[in-house]
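Undergrad: Predicted coordinates and the sequence they were generated for:
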Amino acid sequence: EDQVTQSPEALRLQEGESSSLNCSYTVSGLRGLFWYRQDPGKGPEFLFTLYSAGEEKEKERLKATLTKKESFLHITAPKPEDSATYLCAVQALNSGYSTLTFGKGTMLLVSP
Amino acid sequence: DAGVIQSPRHEVTEMGQEVTLRCKPISGHDYLFWYRQTMMRGLELLIYFNNNVPIDDSGMPEDRFSAKMPNASFSTLKIQPSEPRDSAVYFCASSRKGNEQYFGPGTRLTVT
């Protein structure tokens, strides 16, 4: 069974204080690892897809990296508007190239 | 370009009543997914369709839950009869060829 564990469950940062969120996964053959951002009262918003170990992707203050067992979402000099819950999900090769298994997320709060 | 559209945004009903949630996927997407999100269990996949055909409904909790996709631009998730433990946020998502999924704003269901 595919499993995704995210840590920490919650993280509080001061504006400008860089940090990283962790996503550990167990999957029988990884097709892709996805990062989403979810604001309160809204649906998850797609951020990145990573397909192979060593791959990195960046968007503004966010950078996602991937190894064979985990992914990190690095947040550089965060701003209060980066406050949200960040979700990680894996797509297995045997999932019919479709279904995602989600972690429970990391709730990030950035204080001014 | 319009995103995934869901209705209603909020639904409050009494135990035993029938509830119907509606979803319009992004035009051109061939996969449609229904999820349920709770604090305890996070995001759970209930059922998904490919080209309007249900592919995997193993996440549907009970026979009280049913889903249909009569055409490429419309899907429903029905709960009959509803129970308090069905209270959650229900999301619809769509994707093209099993790639990244785009989520709707969700329907917050409260069953009293």
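TA: Yep, it's here.

Undergrad: which intervals of chain B have sub-threshold pLDDT?
TA: Flagging of chain B using pLDDT under 70 yields the residue ranges B:1.

Undergrad: mind listing the strands for it?
TA: Taking DSSP state E, the strands of chain B run over residues B:5-7, B:10-13, B:19-24, B:31-38, B:42-50, B:53-56, B:65-71, B:74-79, B:88-95, B:102-103, B:107-111.

Undergrad: Just put the ones you listed in TSV and tack on mean neighbour count and distance to A:Gly29.
TA: All C-beta atoms are positioned from the backbone trio N, CA, C, and that covers glycine. Formatted as TSV, the strands of chain B follow (neighbours: other C-beta atoms under 10 Å in any protein chain shown; distance: least, C-beta to C-beta, whole Å):
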stretch	mean neighbour count	distance to A:Gly29
strand B:5-7	17	32
strand B:10-13	15	39
strand B:19-24	19	30
strand B:31-38	23	20
strand B:42-50	20	18
strand B:53-56	14	18
strand B:65-71	15	28
strand B:74-79	19	29
strand B:88-95	24	19
strand B:102-103	22	24
strand B:107-111	18	34
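
Undergrad: what sits opposite A:Trp35 in the beta ladder?
TA: Note on A:Trp35: beta-bridge partners by DSSP bridges are A:Phe48, A:Cys88.

Undergrad: wait, isn't it in contact with A:Phe72?
TA: No. Using C-beta atoms under 8 Å, A:Trp35 is not in contact with A:Phe72; the gap is 10.0 Å.

Undergrad: what residues are up against whichever residue of chain B sits closest to chain A?
TA: Nearest to chain A in chain B, going by C-beta to the nearest C-beta, is B:Phe103, at a distance of 3.4 Å. Taking C-beta atoms under 8 Å, 6 or more residues apart in numbering or on different chains as the criterion, B:Phe103 is in contact with A:36, A:43-45, B:4, B:35, B:91-93.

Undergrad: Let me know the distance separating A:Glu1 from chain B.
TA: With distances taken as C-beta to the nearest C-beta, to the nearest Å, A:Glu1 is found 12 Å from chain B.

Undergrad: between the contacts of B:Phe103, which is nearest B:Pro54?
TA: B:Cys92 (14.1 Å; C-beta to C-beta).

Undergrad: As a check, name the ranges of all strands in chain A.
TA: Going by DSSP E, chain A shows strands at A:3-7, A:10-14, A:19-26, A:30-38, A:45-50, A:56-59, A:62-66, A:70-75, A:84-92, A:101-102, A:106-111.

Undergrad: can you put the ones you listed in TSV and add mean neighbour count?
TA: Formatted as TSV, the strands of chain A follow (neighbours: other C-beta atoms under 10 Å in any protein chain shown):
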stretch	mean neighbour count
strand A:3-7	17
strand A:10-14	14
strand A:19-26	18
strand A:30-38	22
strand A:45-50	18
strand A:56-59	12
strand A:62-66	20
strand A:70-75	19
strand A:84-92	23
strand A:101-102	20
strand A:106-111	18
